[in-house]
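Peer 1: The following comprises the amino acid sequence and a computationally predicted model.
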Amino acid sequence: MANFRMHILICGGTGCMSSHSPEVHKNFIDILGKKGLSKEIQVLKTGCFGFCEQGPIVKIYPDNIFYVGVTGQDVEEIINEHVIKGRPVQRLLYVDPMKKSPQEEHKDIAFYQSQVRIALKNCGLIDPENIDDYISVRGYEALGECITSKTPEEIIKIIKDSGLRGRGGAGFPTGLKWEFAQKSASDKKYVICNADEGDPGAFMDRSILEGDPHAVLEAMAICGYAIGADEGVIYIRAEYPLAVKRLQVAIAQAEELGLLGDSILGTGFNFKITLSLGAGAFVCGEETALLNSVEGGRGEPRVRPPFPAVKGLYQKPTNINNVETYANITQIILNGPEWFNSIGTETSKGTKVFALAGKINNVGLVEVPMGTSIRDIIYKIGGGIRGGKKFKAIQTGGPSGGCIPAELMDLKIDYETLNAAGSMMGSGGMIVMDEDDCMVNIAKFYLEFTLEESCGKCTPCRIGTTRIYEILERITKGQGKMEDLDALKELGEVIRDASLCSLGQTAPNPVLSTIDYFYDEYLAHIQDKKCPAKACTDLLEYVVIDEKCIGCTLCARNCPVSCISGAVKKPHHIDQSKCIKCGVCESKCPVKAIIKQ
Amino acid sequence: MSKIKSLDELRKIREKVSDNTEVRITGESADRTIIAVGMATCGIAAGARETMSALLSEIEAKNVKNISVIATGCLGYCYAEPLVEIRPPHDAPIVRYANVGAELAKEIIDKHICEGTFIEDAIFNRGGSN
């Protein structure tokens, strides 16, 4: 087969696919076909490039040109100009807001410069539905080396020496977890991959599975060999259809080549992997609730001990790791534990993938060494706050985490520093908030989430989160009392101490951390009946500044409840008793005569 | 496809399929040499497509690694097309060859790239860096 002289990679992650990357893909294939170039130019769909904000992404090798925001109509121009005549299409290059000039290569783009890719190494490089692509980047060699020349003890030692800790939340040392499962004697053991990614705004596990599914399968098989299991289950939510499909394709391909199944690589080691689809309950990301769900029971946590390493799936010893944890394993085996533990901080080794979301310019997926500061993530990689607003806080760890204020921006992120700051690593969601976000309202949002997702098994969690939510709602309506703050703290402590699983144990974090760091905002809501961020609609009024109003009547004509009155060319007036505070008048006013206060 | 029966067999398959991603991995490398072929209208009219094919097949035949062949726009010397520009890594000076037909293209790979000896007669000019 003649080599392709050029590879055109189109992002096939969920983000870019929803902004019509399949159309871009199809047009490339069609037009190249018409021009008779299909034999020299390869077009393929890859996993996520991480720069979701700028999608659909198209990357062209060997030139290494990175196009952003490509539409179906742009394809012909790219082919005529770039592919045939070697002239990159300038208007589709990413323009760096700091440098103000178009950047051809992705490594010149600030978003990528501070990143170190281990878990996402192959995402955006290989075709996830082609096992040959994975094999060409040393795929399944780590498994091959393990099962032919390493004992389970040796593998566990490598993982322990690497310092890898669980990427799903609590950060438990992975090697130790494997050792517990290995030492539990049993005729049957299981390996589970927790792909029940449930934090609002988090999508790193989904992207890994969509972009590099074989890396997770291979790591699970290595784990199976290390702990003595012959069966693996990936628990994945049904609302990730693309990841499910890519996993199914990958499993079938690996089985066909004998890289999964019976007697892998002729060694006699058997390992098969099946998928178990979850219905998307947040609590099922908790490992014991997950076990119940896989078994067909209710998604409710079990009492620990016994831990899953002793009695897990069907009461058999089970090792459960999250997707991103597994995604590091093959690289650790291939490159050695010293390589891995040379990256990161004293207690947290390697890298962490974060899903950057919220009021930030570069929404997307980033992988940085542990110990990177919040400032670098927001300003260097994230490109700063949207609309030039002021950075207020960053929420990490999802509903289990807390809000870290702008004053702590130089915090170097690892498991310990985040815990000490009242938040947590969690699975890696990072939601950036600016001056327009009300911290009481944010706490309320997360509590609404946990109260809905609480499975109800433990009363403190079931009832407590509801009570906290009610109190927060009162405060945001201006009906709060000072005693409420004490009640919130007390409830928070009880829920934390008396819940069985980490859903309840961490549910009060968003409230407790915002009371700690943004006490003034709570006071303003309770004592002054004001929302400083002007986000709580019950505590604000839209008013017309008479001197500025030109009487154009635009506001009155657009008001959905007709509560604005006034004669043409005369200042208008808003009837506060009828106003529903939708903000339409403010956005329609051509002279900014209507303000929130 | 049949099942892979040993680690060695897996490694052999890797060798075989390494072309799958080689263009991409080399494209990311800071140590690669880039061969740019002028492929604007002037270049194509002068036969740059044949030049590129000759470069590519010789690279494959000699199994040269860490090299990217790319198309580039008009270099401004339309009378001397097809032009081939060798851009070595790490800011070493660029060498340009003029009127590169299939024969010369093959020679560039054999002598300049593989042996490191420049084909002095055919050099159009040098200078500038990547």
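Peer 2: Okay, I see it.
Peer 1: Now do the contacts for A:K481.
Peer 2: Neighbouring residues of A:K481 by C-beta atoms under 8 Å, 6 or more residues apart in numbering or on different chains: A:I526. From N, CA and C alone the C-beta is placed, and that goes for glycine too.
Peer 1: what separates it from chain B, distance-wise?
Peer 2: To chain B, A:K481 is 60 Å away according to C-beta to the nearest C-beta, to the nearest Å.
Peer 1: now the strands for chain B?
Peer 2: Ranges of strands in chain B, per DSSP state E, are B:33-38, B:67-72, B:84-87, B:95-97, B:123-126.
Peer 1: For chain A, which of these is the nearest?
Peer 2: With C-beta to the nearest C-beta as the criterion, chain A lies closest to strand B:67-72 of these, at 3.1 Å.
Peer 1: tell me which strands and helices the closest one is in contact with?
Peer 2: helix B:19-28, strand B:33-38, helix B:48-62 (3 or more C-beta pairs under 8 Å, 6 or more residues apart in numbering or on different chains; DSSP states H and E).
Peer 1: A:V244: which of those is closest?
Peer 2: helix B:19-28 (24.6 Å; C-beta to C-beta).
Peer 1: in a strand, that's where A:I155 is, yeah?
Peer 2: No: counting by DSSP: H, G, I helix; E, B strand; the rest coil, A:I155 is not found in a strand; it is helix.
Peer 1: Apart from its neighbours in sequence, what residue is nearest it?
Peer 2: Of all residues not flanking A:I155 in the chain, A:A226 sits nearest, at 4.4 Å (C-beta to C-beta, 6 or more residues apart in numbering or on different chains).
Peer 1: Same question for A:L503.
Peer 2: A:V283 (5.3 Å).
Peer 1: same question, B:N20
Peer 2: A:S136 (4.4 Å).
Peer 1: who's in contact with A:L291?
Peer 2: Counted by C-beta under 8 Å, 6+ apart, A:L291 has contacts A:192, A:302, A:308, A:312-313, A:318, A:320.
Peer 1: which of the residues you listed has the most neighbours?
Peer 2: A:T318 (29 neighbours; other C-beta atoms under 10 Å in any protein chain shown).
Peer 1: hang on, that residue packs against A:F307?
Peer 2: No: A:T318 is beyond contact range of A:F307, at 9.2 Å (criterion: C-beta atoms under 8 Å).
Peer 1: Go through stretch B:37-53 and flag the buried ones.
Peer 2: By 16 or more other C-beta atoms under 10 Å in any protein chain shown, the buried positions in stretch B:37-53 come out as B:37-40, B:42-44, B:46-49, B:51-53.
Peer 1: Ignore what I typed, I meant stretch A:143-156.
Peer 2: So for stretch A:143-156, counting by 16+ other C-beta under 10 Å, buried means A:143-147, A:150, A:152, A:155-156.
Peer 1: does any bit of the helix or strand of chain A with the lowest mean pLDDT sit next to chain B?
Peer 2: Ranked by mean pLDDT, DSSP states H and E, the helix or strand of chain A with the weakest confidence is strand A:102-103, at a mean of 84. No: Strand A:102-103 stays clear of chain B (C-beta under 8 Å from any C-beta of the partner chain), getting no nearer than 15.0 Å.
Peer 1: quick one: contacts of that strand?
Peer 2: So strand A:102-103 is contacted by A:66, A:90, A:93-96, A:109 (C-beta under 8 Å, 6+ apart).
Peer 1: Show me the two of those that sit farthest apart.
Peer 2: A:Q90 and A:I109 (15.1 Å).
Peer 1: Looking at those two, which has the bigger crowd around it?
Peer 2: Under the neighbour definition other C-beta under 10 Å, A:Q90 and A:I109 were set side by side, and A:I109 has more, 22 against 10.
Peer 1: related to what we said a few turns ago, wait, which of the contacts of A:L291 is closest to chain B?
Peer 2: Distances from chain B to those, taken by C-beta to the nearest C-beta, are shortest for A:I192, at 25.9 Å.
Peer 1: before we move on, what SS does that closest one have?
Peer 2: A:I192 is classified as strand under three-state DSSP.
Peer 1: list the contacts for it?
Peer 2: Shown in contact with A:I192 (C-beta under 8 Å, 6+ apart): A:232-235, A:287, A:290-291, A:294, A:312-313, A:318-321.
Peer 1: again, but for A:G198
Peer 2: Contacts for A:G198 (C-beta under 8 Å, 6+ apart) come out as A:237, A:280-282, A:284-285, A:398, A:453.
Peer 1: Which of those fall within helices?
Peer 2: If you go by DSSP state H, the contacts of A:G198 have A:E453 in helices.
Peer 1: where exactly do the strands run in the stretch 51-200 of chain A?
Peer 2: Secondary structure of the stretch 51-200 of chain A (DSSP state E, counting those that start in this stretch): strands located at A:58-61, A:65-67, A:94-95, A:102-103, A:190-195.
Peer 1: Tell me the strands beside the longest one, with direction?
Peer 2: What that stands for is strand A:190-195. strand A:231-237 (parallel), strand A:318-322 (parallel) (DSSP bridges).
Peer 1: State the next helix or strand along the chain beyond that strand.
Peer 2: As assigned by DSSP states H and E, the chain's next helix or strand after strand A:190-195 is helix A:204-211.
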